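> need a 3D model of the sequence below.
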Amino acid sequence: QVQLLESGGGLVQAGGSLRLSCAASGRTFDYYVMGWFRQAPGKEREFVAAITWSAAVTYYADSVKGRFTVSRDIGKSTVYLELNNLKPEDTAVYYCATGRGLTHVKETYDNWGQGTQVTVSP
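Residues are numbered from 1 along each chain as shown. Below you'll find the predicted structure:
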């Protein structure tokens, strides 16, 4: 079992930045990947980015490529998501999750956190 706790969300103006954190505890070594997803009101949860624990290989959704950066600190069992040049359409609840493969497919992830709200004003 893995427990995930996201933090760092908030209200920011368009063009601003935020840094989200996802602290993991428990059997994190069972999982190869940490992923970030987001869900806006009335929409499906969508993939944002993912990173492998070992080699820090990354994978991004096209919508955030060049603006968001995912990283990890193995010693702290924490994954970060740096959000830059934010747009109103980035407004959503952001979730982290454990995964077994570097993929955008939501169904391959489990052990979801509770989420952190990101709101971007025009």
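
> give me phi/psi at K106?
Here is the backbone geometry of K106 (degrees, to the nearest 10): phi -60, psi -40.

> go on, G8?
Main-chain torsions, G8, degrees, to the nearest 10: phi 100, psi -10.

> for the residue nearest to it when sequence neighbours are not counted, list each beta-bridge partner.
Leaving out its chain neighbours, the residue that sits closest to G8 by C-beta to C-beta, 6 or more residues apart in numbering is L20, at 4.2 Å. C-beta: built from backbone N, CA, C; applies to glycine. On the basis of DSSP bridges, L20 is bridged to L81.

> tell me the centre residue of this structure?
Taking C-alpha atoms, centre = their mean, the centroid of the chain lies closest to W36, which sits 2.4 Å from it.

> ok, and what's touching the lowest-mean-pLDDT helix or strand in the chain?
Using mean pLDDT, DSSP states H and E, strand 109-110 stands out as the lowest-scoring helix or strand of the chain, at a mean of 91. Applying C-beta atoms under 8 Å, 6 or more residues apart in numbering, the set of residues contacting strand 109-110 from outside is 35, 37, 97-99.

> after that strand, next one along is what?
Later in the chain than strand 109-110, the nearest helix or strand by DSSP states H and E is strand 116-121.

> neighbours of L81, how many?
26 (other C-beta atoms under 10 Å).

> now S17
11.

> next one: it relative to T58, how far apart?
18 Å (C-beta to C-beta, to the nearest Å).

> shouldn't L81 be in contact with F68?
Yes. Look at L81 against F68 with C-beta atoms under 8 Å: they come within range, at 6.2 Å.

> what touches both of those two?
Joint contacts of L81 and F68 (C-beta under 8 Å, 6+ apart) are 48-49.
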